[in-house]
Structures are given as C-alpha cells and as structure tokens.
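Colleague: Have a look at this fold, sequence not included:
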Ligand SMILES: *[C@@H]1O[C@H](CO)[C@@H](O)[C@H](O)[C@H]1NC(C)=O
Ligand SMILES: *[C@@H]1O[C@H](CO)[C@@H](O)[C@H](O)[C@H]1NC(C)=O
Ligand SMILES: *[C@@H]1O[C@H](CO)[C@@H](O)[C@H](O)[C@H]1NC(C)=O
Ligand SMILES: *[C@@H]1O[C@H](CO)[C@@H](O)[C@H](O)[C@H]1NC(C)=O
Ligand SMILES: *[C@@H]1O[C@H](CO)[C@@H](O)[C@H](O)[C@H]1NC(C)=O
C-alpha cells in the first residue's frame, strides 16, 4: 500500500507516505554484473539479459544463455553469438540458430539486420533456394529428415524461380566478390556455420565518460538514452562527478585500445 488516508472531525486531509519501494532499481549494482555464458564472458553495456536487467542495455541488445550457447534475436530471427568483441571493434559474430547444424530446415525469415547493427565488410547476402524442381540451379540433396529435399546457394540479387522457396542468409566472403563454389552440401553448411560479423552501434563516448568517473553505464528505455549509474546509487545523464572541479583525483579516460592483448588480424 502506498498511501494512507486520515480523517479528523474538523477537517479532512491526506497524508501520502511514499514508502521507498524495496524493488527500486539499483542500476549501479545490477549493471556491474557481467554477462557470462560458455565461452562468451565479461560482457557489459550495451548488452543486457541473463543476470543483467533491462536498464543495463539497449532494448534490442538482449542476450540469452542456454546450455552455454548465447543467442540474440534480430528482426524475429534467432542467432547464436559465436564471439563478442567489446574491446576495440564492437562487433559480434553471428550464425543463424536454425542453420547452425542444419541447412534445410529453416525456422525463421530472411536474415536482415535492424538499425542497431551494420555488416562488417567481408560477408555477403546469399539466397538459398529450396525444392526447385529444376536441377539446373546446381543444387544439392538435403540430408535426410529435413524440411526440404534440395538446396542451392545463389547470389541474392538473382530472381527466385516460381517453384522454389527462398531464404536470404549472410555468409563470409573473404574476396568481397561474391564468388563461391560449393562442391557439396557439407561445404555449404560449413560456410554458413562460420557465421558473419556485424558491428553494433553504441554511444561509446558517453559510456567512456561515465566509466571514467567510476560509473556503470546503462540505458534509459523511456528517454532512449545512455545513463550513468553512480556509486552513490544516483542515476546521472552524463557522469558521476558533480562538477569538474569536485574531482580531487581526476580519473583518466579508460585505457581503451592500449591493452597489451594481441589484436587479431583477419
Ligand atoms: C529477451 O530475449 C528473450 C529470449 O529471446 C525473450 O524471451 C524476451 O522476451 C526478450 N525480452 C525483451 C524485452 O525483448
Ligand atoms: C558449460 O561450460 C562449463 C565450463 O565452460 C561446463 O563446466 C559446463 O558443464 C557446461 N554446461 C553445459 C550444459 O554444457
Ligand atoms: C565435399 O567436398 C569436399 C571438397 O571437395 C570433400 O573433401 C568432402 O569429402 C565432400 N563431402 C562429401 C560429404 O561429399
Ligand atoms: C551522487 O553523485 C552525483 C555525481 O557526483 C551527484 O550529482 C548526486 O547529487 C549524488 N546523489 C546523492 C544522492 O548523493
Ligand atoms: C561531467 O559532467 C559535467 C556536466 O554534467 C561536465 O561539466 C564535466 O566536465 C564532466 N566530467 C567529466 C570527467 O567528463
């Protein structure tokens, strides 16, 4: 109960007692928790989910963990997250969950990013054509027990013959030329399972300023903006130093990019 109503004989008055809600969101503590799932570890802002409540990340960057497998939904398609690079590149490596170990039983629609992501160069859209009666597409027989009987991979720009079902997927394309030749369905499956890389868009300058003043970044879903949760449990729009002069020991900007970890060059 949030309010109490008192009456006296001469006049009536209201007393509202705002009992601080026990469930009031402690973003600093909650969002200090990192996402850990199998080989994907130590993931923070702008992601949330699986121990990181809603206010810890962008609404669309919702991670799930099941049996050490990390997944994320984008435009109604579930993807396995093979890798998250939060240090320098801000990228994810994704593979469609329905295509991870089967290529002929799609469960979702076309692979299509939303505005939170961009493709990183080195991958290309490909159309999988299923159950084309004409074998002139250069297709393969699907493994037994799958939804469709045959599959062919063609460039996404090509029209779909009327008798075929089609699905747009994304695969790595090191040459950037869209030149593929798959000898058999196993090779096609392997190419799909490698996944593809996307860059996620995040307001990192704002988060860096927050972290630089010992804050923890979060996201205000109502205001649609990054917020800074401070050690004193206040939620600030920029950082955890009331005034620039108030800092006795200025905190240097986070040492991003200067880590001694070797950077992978692909
Ligand atoms: C987050 O993802 C999980 C699993 O995909 C889903 O069940 C849940 O509804 C999602 N939450 C939001 C707010 O999108
Ligand atoms: C998940 O991974 C951990 C260690 O990486 C392992 O101990 C555990 O058995 C795995 N769980 C499942 C369900 O695979
Ligand atoms: C698929 O092709 C590759 C390369 O030509 C070959 O090594 C492999 O044995 C083939 N797999 C099947 C199942 O035919
Ligand atoms: C917490 O710290 C912030 C930043 O220094 C300050 O603006 C805010 O007033 C403080 N809140 C409380 C409740 O002390
Ligand atoms: C923190 O934010 C205030 C404005 O709210 C700004 O004047 C100050 O420069 C910021 N401090 C740092 C360390 O970025």
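Modeller: Good, I have the coordinates. Just so we're clear, the structure is a prediction, and the values are computed from it rather than from any experiment. Ligands and ions are numbered 1, 2, ... in the order given.

Colleague: OK, contacts around whichever residue of the chain sits closest to ligand 1?
Modeller: Going by Cβ to the nearest ligand atom, ligand 1 is nearest to residue 62 of the chain, at 3.7 Å. All C-beta atoms are positioned from the backbone trio N, CA, C, and that covers glycine. Neighbouring residues of residue 62 by Cβ atoms under 8 Å, 6 or more residues apart in numbering: 47, 48, 49, 72, 73.

Colleague: residues from the stretch 151-266 of the chain in reach of ligand 4?
Modeller: 230, 232, 234, 236, 240, 241, 242 (Cβ under 6 Å from any ligand atom).

Colleague: Tell me the one of those residues nearest ligand 5?
Modeller: Checking those against ligand 5 by Cβ to the nearest ligand atom gives residue 241 as the nearest, at 4.9 Å.

Colleague: what's the burial count for that closest one?
Modeller: Neighbours of residue 241 under the rule other Cβ atoms under 10 Å: 18.

Colleague: distance of it from residue 209?
Modeller: According to Cβ to Cβ, to the nearest Å, residue 241 and residue 209 sit 10 Å apart.

Colleague: what's the answer for residue 47, then?
Modeller: Here residue 47 is placed at a distance of 19 Å from residue 209 (Cβ to Cβ).

Colleague: Looking at these two, which has the bigger crowd around it?
Modeller: Taking neighbours as other Cβ under 10 Å, residue 47 and residue 209 compare with residue 47 leading, 25 against 19.

Colleague: Please name the residues that touch the spatially most central residue of the chain.
Modeller: Ranked by distance to the mean C-alpha position of the chain (Cα atoms, centre = their mean), the top residue is residue 61 at 4.0 Å. Residues in contact with residue 61 (Cβ under 8 Å, 6+ apart) are 46, 47, 48, 72, 116, 200.

Colleague: now, which of these lie within helices?
Modeller: Counting by DSSP state H, no part of the contacts of residue 61 is found in helices.

Colleague: got a list of what the closest residue to residue 160 other than its chain neighbours touches?
Modeller: Spatial nearest neighbour of residue 160, chain neighbours left out: residue 166 (4.4 Å); criterion: Cβ to Cβ, 6 or more residues apart in numbering. Neighbouring residues of residue 166 by Cβ under 8 Å, 6+ apart: 127, 128, 129, 130, 160.

Colleague: and of those, the nearest to residue 153?
Modeller: Nearest to residue 153 among the contacts of residue 166 is residue 128, at 5.8 Å by Cβ to Cβ.

Colleague: shouldn't that closest one be in contact with residue 103?
Modeller: Yes. Assessed by Cβ atoms under 8 Å, residue 128 is found in contact with residue 103 at 7.3 Å.

Colleague: Can you pick out the residue with more neighbours from those two?
Modeller: Between residue 128 and residue 103, residue 103 has the larger neighbour count (other Cβ under 10 Å), namely 28 against 24.

Colleague: if you skip the residues just before and after it, what's nearest to that one?
Modeller: With Cβ to Cβ, 6+ apart, the residue lying closest to residue 103 is residue 189, at 5.0 Å.

Colleague: if I look at the one you found, how far off is ligand 3?
Modeller: 10 Å (Cβ to the nearest ligand atom, to the nearest Å).

Colleague: is it true that that residue lies in a helix?
Modeller: Yes. Under DSSP: H, G, I helix; E, B strand; the rest coil, residue 189 sits within a helix.

Colleague: buried set for stretch 80-99?
Modeller: Buried residues in stretch 80-99, counted by 16 or more other Cβ atoms under 10 Å: 80-82, 84, 86, 91-99.

Colleague: next one: stretch 68-78
Modeller: Going by neighbour count (16+ other Cβ under 10 Å), the buried part of stretch 68-78 is 69, 70, 71, 72, 74, 77, 78.
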